[in-house]
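Novice: Please find the sequence and the predicted model below.
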Amino acid sequence: MAKDQSWWRLREIRHRDAVILAVLSASCLLAGEVFDSNITTVYRDYIAPYLDNPPILVILVTLTLLGFTTYFGGIFVLLGGLHFSWGRVGRGRFLTGLGLGVSLLGLVGRLSRTILTSGKPFGDPLVALIAVNAGLSGAGILMGLASHTLMGHYALMLKKHAKRIWRRWRKSRRPARRSSKS
């Protein structure tokens, strides 16, 4: 019969797995965005003609940044994995979730563009979904979800361990009861 692993060993294993998945997810998200879009073309076509008009330039730069949300998602997932590896579990999990949400918005935007630009009135959503998710961004989102789930399991394990330590400490601090004989 195998001996149960201590909570410290379980902590180390989950810790490494979540960080590795976060780094792989971030690299897939960033590589998928680099592969799918070209920033120089966007700059040349949309931003360069309006360099002499600052109010419109600010709006166009903002829209361009929103158009590349998967970059931000990949950066947030990477920062989440980094914070998680430093032991800041809550902040790491929050940043990973934020990065996944932003990346998912970018993926939905890309899906809608694919559907709208197809030849049919509403396009074929299934073909568009397969085309968008077959790239690196889809794999990055799946690995990010796995990392976020592992971070949640790890946080729950730490919470249970902290409760157990708190109960032991409180039990040791109680005054001794008097016996009925005295």
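Specialist: Sure thing, it's come through.
Novice: Quick check: R88 vs F72, distance?
Specialist: Distance of R88 to F72, given as CB to CB, to the nearest Å: 20 Å. Yep, even glycine has a C-beta here, placed from its N, CA and C like the rest.
Novice: Compare the two (neighbour count), which wins?
Specialist: F72 (19 against 14; other CB atoms under 10 Å).
Novice: which ones are touching A26?
Specialist: By CB atoms under 8 Å, 6 or more residues apart in numbering, A26 lies in contact with G74, I75, V77, L78, G81, G99, G140, G144.
Novice: ranking the residues you listed by neighbours, who comes first?
Specialist: Highest neighbour count within these: V77, with 35 neighbours (other CB under 10 Å).
Novice: Which secondary structure element is home to that residue?
Specialist: Here V77 sits within helix 69-85, counting by DSSP states H and E.
Novice: Go ahead and produce PDB holding the CA coordinates of that helix.
Specialist: Presented in PDB, the C-alpha positions along helix 69-85 are these (Å, rounded to 0.1, in the frame of the first residue of the first chain):
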ATOM      1  CA  THR A  69      -6.300  41.700 -26.900                       C
ATOM      2  CA  THR A  70      -4.800  38.200 -27.100                       C
ATOM      3  CA  TYR A  71      -1.300  39.800 -26.600                       C
ATOM      4  CA  PHE A  72      -2.500  41.300 -23.400                       C
ATOM      5  CA  GLY A  73      -4.100  38.000 -22.400                       C
ATOM      6  CA  GLY A  74      -0.900  36.200 -22.900                       C
ATOM      7  CA  ILE A  75       1.000  38.800 -20.900                       C
ATOM      8  CA  PHE A  76      -1.500  38.600 -18.000                       C
ATOM      9  CA  VAL A  77      -1.400  34.700 -18.000                       C
ATOM     10  CA  LEU A  78       2.400  34.900 -17.900                       C
ATOM     11  CA  LEU A  79       2.300  37.400 -15.000                       C
ATOM     12  CA  GLY A  80      -0.200  35.200 -13.200                       C
ATOM     13  CA  GLY A  81       2.100  32.200 -13.500                       C
ATOM     14  CA  LEU A  82       5.000  34.300 -12.200                       C
ATOM     15  CA  HIS A  83       3.000  35.600  -9.200                       C
ATOM     16  CA  PHE A  84       1.800  32.100  -8.500                       C
ATOM     17  CA  SER A  85       5.400  30.800  -8.500                       C
END
